[in-house]
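Novice: Any chance you could fold what I've pasted below:
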Amino acid sequence: MNISSIGNLASHLSAASQTARSRPPTPDQKALIQAVKALNSAQLPGQENELTYVIDRAANIAVVRIVNKKTGAVVQQIPTEQILKMAEESNER
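Specialist: Residues are numbered from 1 along each chain as shown. Next up is the predicted model:
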């Protein structure tokens, strides 16, 4: 799974979507990107953290994380890795 800062996320998401699926971000994905940008601008995750947004390709689910800016460590993730694994297994059936 790839973690990107929201600052360069839009270009990354667009490029990844076009190469992996040949389609642009959905309206829901665009709305989520805007929400994440707004929360980061307001520093809601704190001064040391930022929200990131990625698509877990295996589970085909949007993932939002709070990441420490300095260390890159994931502070919190929604959905959790356990939920992503269950979704991935469900998609394989």
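Novice: hey, where'd the strands end up in the protein?
Specialist: 49-56, 61-68, 74-78 (DSSP state E).
Novice: Pick the most deeply packed of the ones you listed.
Specialist: strand 49-56 (a mean of 20; mean count of other C-beta atoms under 10 Å). The way it works is simple: take the backbone N, C-alpha and C, and place the C-beta from them, glycine included.
Novice: would TSV of the strands of the chain with mean pLDDT and distance to A38 be doable?
Specialist: Formatted as TSV, these follow (pLDDT from 0 to 100; distance: least, C-beta to C-beta, whole Å):
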stretch	mean pLDDT	distance to A38
strand 49-56	90	10
strand 61-68	92	13
strand 74-78	94	17
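Novice: Which of the ones you listed sits closest to P25?
Specialist: strand 49-56 (8.8 Å; C-beta to C-beta).
Novice: And that closest one, how far out from the chain middle?
Specialist: 3 Å (C-alpha atoms, centre = their mean, to the nearest Å).
Novice: same question, stretch 67-74
Specialist: Worked out by C-alpha atoms, centre = their mean, stretch 67-74 lies 14 Å from the chain centre.
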